[in-house]
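Asker: Got a sequence here, can you build the structure:
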Amino acid sequence: MKNRKIGKYEIIERLGRGGMAEVYRAYHANLDRYVAVKVMHKFLADDDEFATRFEKEAQNIARLKHPHIVQVYDFEYDNTTESYYMVMELIDGVTLKEYFAEYEQKGQPIPLEDALRISREAASALAYAHKSGMIHRDVKPANLMLDSKEGHRVVLTDFGIAKIVKGSQMTVTGGLVGTPAYMSPEQGVGETGDERSDLYSLGVIMFQMVTGHLPYDAETPLALIMKHLNDPVPSILELNPQLPKALDDIITRLMAKEPDERYASANELIDDIRQLEAMLTGDTTTINTTTPTKRQVLPKDTTSESDIDSPTLPIRKVVVQPKPTPIDEPKKPSAVILFGMAFIFALIVLIGGYLVGMNVGIFPSIFGTNANPTALSVVLVDETEEPTPSSTPQPTQTRAVEMTTEVPVVIIPSETPTYTLTPANTAPPTNTPRPTNTPRLTSTPTTAPTETLTLTPSQTFTPSPTPNMTLTVAVEQTATYAACIFDYAIIEQTPKDGREGGFFRTNSTYTRRLTLLNTGTCAWEVNTSLRFITGSGQSFGSTPILLREAVDVGATVEIEMVLRLPSVGSQEPLSGQWQLRTRGQLPIGEPITIRILVADF
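Answerer: Residues are numbered from 1 along each chain as shown. Modelled structure (predicted):
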């Protein structure tokens, strides 16, 4: 899009790109003003409701006027590119993500004074937006700009984008909107989240700023989401004992698993940060830094944020409990975890059924084939803490979820009227001691010809290894895909593109070899394709190219394009655009443009 116009804005250069949009530096001649233009990817417009949602949310975003929120000037649809775009204030500076990288190179975290100021100003933006009824839902370092012209003023960007793209995102990925490393537990299980979800994400950013590390690390997006759901919040003092205990309390409260245990409002968080800043600068305000029996939040000050922030909302003071120690009684399952397991099972059914229908992917190898759908009633049992030897086993709470799925199930009857659910094509069981009171599948007679099975755990439930193996693999394949970022980089192409590649004879066969690197977060599946985009230029008689092998993250693949050049030459390179797409037709990165000089000689 370089050296062209979109609407009344002259495009100068591309500043960045993501899974939903590209951002350009542009110039508005009439106002003599440089702006940032965010152009939404064309595939989003395939959602029938996208136009309405875009206009509504863009109007809401444009109403936000706050020094720590990027100002939106205009929004429109461009007929030439068939894309919606949004015109915003151009911030001259770096993102917090880039600021992190500067300090990573030095091998140290961001200075505490800067970290607290950045956190407070970001919280100020959230307080104002929340008061206006706007939830961000994707607070992360890449969406926080530091304005170099105004003393690294924090500017929060991409407000409302998560909601604008939600319809299309739900359709193509299964419902997860956000960034797994900064996603709250409730967002990780498919809930939309509220103000407290934004505060959780800010808590993760604070943790990263003062320690130089993320609180959780994992190899896959799904594993990362599960850690946010289940793992205790690590203490910043374990990574840096010199940090204030009061700061550890703030971050622990922000990152509480249950939303009700977090700060009730961003203004409440601002109060605590201000008190901590006062303590560090030697203000007369005192804060109790001794180790209490329970983690106490900082005492609330009467100091309010400046007039640019919203007034304090009604709040409920929450005391953050210390990290749990083993107790005699099993822990009551969290409502978020219960819902999360139900959500994951739903993902397995929806996406798993689709893959089985295609007879591809991991599901056929696990379950085998079966022409008859089986109605399966499943009881979800939450994992509880292991009781101490002196404890008395207590029944765990369960939630029954009945699902009808076409995933084949092999039922092997035994000599007694009980049934065992056994995946096909699995390794033979090892000689391990059989757990006592393993789950039983009991037959429930009904008038329907299909038998309904009910999984009934006893009070001392111990899951058998085989069904757990199946669940783990299935969830990994579905929920991971839901959080994928697909992208590529061109490592090499022969011949070179455009004029660098030289002239080629008309009516000849032309071969272009591309070496592509998978720079996304997930592998490209078998049957990922490279297809010509109709109406974008010369197709050169190309046909879709399918990848016959999966391409892992960080791996390269060579694609050979055999094209037929036209019968008429040209002084300028002829061009065409091809789009790399997943098997499910999700775009991988931006289109690839091929330019060829064709001449008669």
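
Asker: Verify the stated contact: R512 with T494.
Answerer: Yes - checked against C-beta atoms under 8 Å, the pair R512 and T494 is within contact range at 7.4 Å. In this view, the C-beta of every residue, glycine as well, is placed from N, C-alpha and C.

Asker: Would you mind listing where this protein has pLDDT under the threshold?
Answerer: For the chain, applying pLDDT under 70 flags the ranges 1-3, 19, 46, 48, 160-178, 283-483, 534-538, 601.

Asker: quick one, which of R512 and T494 is more surrounded?
Answerer: In terms of neighbours (other C-beta atoms under 10 Å), R512 is the more surrounded of R512 and T494; the figures are 21 against 12.

Asker: what sits against that one?
Answerer: The contact partners of R512, taken as C-beta atoms under 8 Å, 6 or more residues apart in numbering, are Q493, T494, P495, E560, M561, L563, I594, I596.

Asker: Return the subset of those residues lying in strands.
Answerer: When DSSP state E defines the strands, the subset of these inside them is Q493, T494, E560, M561, L563, I594, I596.

Asker: Pick out whichever of the residues you listed sits closest to D114.
Answerer: When the ones in strands among the contacts of R512 are compared for distance to D114 (C-beta to C-beta), Q493 comes out closest, at 42.8 Å.

Asker: Next one: the closest one relative to L237, how far apart?
Answerer: Look at Q493 and L237: by C-beta to C-beta, to the nearest Å, they are 51 Å apart.

Asker: Compare the two (neighbour count), which wins?
Answerer: Q493 (18 against 14).

Asker: ok, for that one, nearest residue in space, not its chain neighbours?
Answerer: Setting aside the residues directly before and after it, Q493 is nearest to L514 in space (C-beta to C-beta, 6 or more residues apart in numbering), at 5.0 Å.

Asker: With Y128 instead?
Answerer: Nearest to Y128 is H66, by C-beta to C-beta, 6+ apart, at 4.6 Å.

Asker: Looks like that neighbour contacts H130 (just checking).
Answerer: No - H66 lies out of contact with H130 (C-beta under 8 Å); the separation is 11.5 Å.

Asker: joint contacts of the two?
Answerer: With C-beta under 8 Å, 6+ apart as the test, H66 and H130 reach no residue in common.

Asker: Next up, the contacts around the residue nearest to Y128.
Answerer: S124, A125, Y128, A129, I308.

Asker: from the ones in strands among the contacts of R512, which two are the most distant?
Answerer: For those, with distances taken as C-beta to C-beta, the pair at the greatest spread is E560 and I596 (15.2 Å).

Asker: For E10, list each beta-bridge partner.
Answerer: E10 has these beta-bridge partners by DSSP bridges: K5, Y27.

Asker: re earlier: show the subsequent helix or strand relative to the helix or strand harbouring the residue nearest to Q493.
Answerer: Using DSSP states H and E, L514 sits in strand 509-518. Next helix or strand after strand 509-518 toward the C-terminus (DSSP H and E): strand 529-532.

Asker: elements contacting that following strand?
Answerer: Using 3 or more C-beta pairs under 8 Å, 6 or more residues apart in numbering; DSSP states H and E as the contact test, the elements touching strand 529-532 are strand 545-546, strand 574-581.

Asker: Kindly recompute the last result at 10 Å.
Answerer: Helices and strands touching strand 529-532, by 3 or more C-beta pairs under 10 Å, 6 or more residues apart in numbering; DSSP states H and E, are strand 545-546, strand 556-564, strand 574-581.

Asker: what about T80, distance to A29?
Answerer: 18 Å.

Asker: Could I get the full set of helices for the stretch 201-350 of the chain?
Answerer: Assigned by DSSP state H, counting those that start in this stretch, the stretch 201-350 of the chain shows helices spanning 221-230, 236-239, 245-254, 266-280, 335-358.

Asker: contacting residues around G520?
Answerer: G19, C484, I485, F486, D487, Y488, V551, V553, G554, T582, I588, G589 (C-beta atoms under 10 Å, 6 or more residues apart in numbering).

Asker: If you could redo that for T515, that was the one I meant.
Answerer: Contacts for T515 (C-beta under 10 Å, 6+ apart) come out as A489, I490, I491, E492, Q493, T494, T556, V557, E558, I559.

Asker: Could you chop this protein up by domain?
Answerer: 5-89, 94-280, 335-384+395-482, 488-599 (automatic domain parsing).

Asker: Number of residues surrounding M226?
Answerer: When neighbours are defined as other C-beta under 10 Å, M226 has 22 of them.

Asker: Make sure it is actually in contact with G188.
Answerer: Yes - between M226 and G188 there is a contact under C-beta atoms under 10 Å: 7.8 Å.

Asker: Skip the chain neighbours and tell me the closest residue to S132.
Answerer: That would be L64: by C-beta to C-beta, 6+ apart, it lies 6.2 Å from S132.

Asker: Quick check: the one you found touching A58?
Answerer: No - taking contacts as C-beta under 10 Å, L64 lies outside contact range of A58: 11.1 Å.

Asker: okay, those two: which has more neighbours?
Answerer: Higher neighbour count among L64 and A58: A58, with 21 against 18, using other C-beta under 10 Å.

Asker: Tell me which helix or strand the more buried one sits in.
Answerer: If you go by DSSP H and E, A58 is part of helix 50-62.

Asker: Could you look up the SS state of the residue nearest to S132?
Answerer: Following DSSP: H, G, I helix; E, B strand; the rest coil, we place L64 in the coil state.

Asker: Now do it against Q71, distance only.
Answerer: L64 is 8 Å from Q71, by C-beta to C-beta.

Asker: Which neighbours do these two have in common?
Answerer: Contacts common to L64 and Q71, judged by C-beta under 10 Å, 6+ apart, are absent.

Asker: now the helix or strand L126 falls within against helix 266-280, angle please.
Answerer: Taking DSSP H and E as the criterion, L126 maps to helix 112-131. Comparing the axes of helix 112-131 and helix 266-280 via axes from the mean of the first three to the mean of the last three C-alpha atoms, to 10 degrees yields an angle of 160 degrees.

Asker: begin at 187 from here
Answerer: From this message on, residue numbering opens at 187, which makes the last subject helix 298-317.

Asker: which other helices and strands contact helix 298-317?
Answerer: Short answer (3+ C-beta pairs under 10 Å, 6+ apart): helix 298-317 packs on helix 282-292, strand 330-333, strand 339-342, helix 381-397, helix 431-440, helix 452-466.

Asker: which of those is buried the deepest?
Answerer: With neighbours defined as mean count of other C-beta atoms under 10 Å, the helices and strands packed on helix 298-317 peak in mean count at helix 381-397, which reaches a mean of 25.
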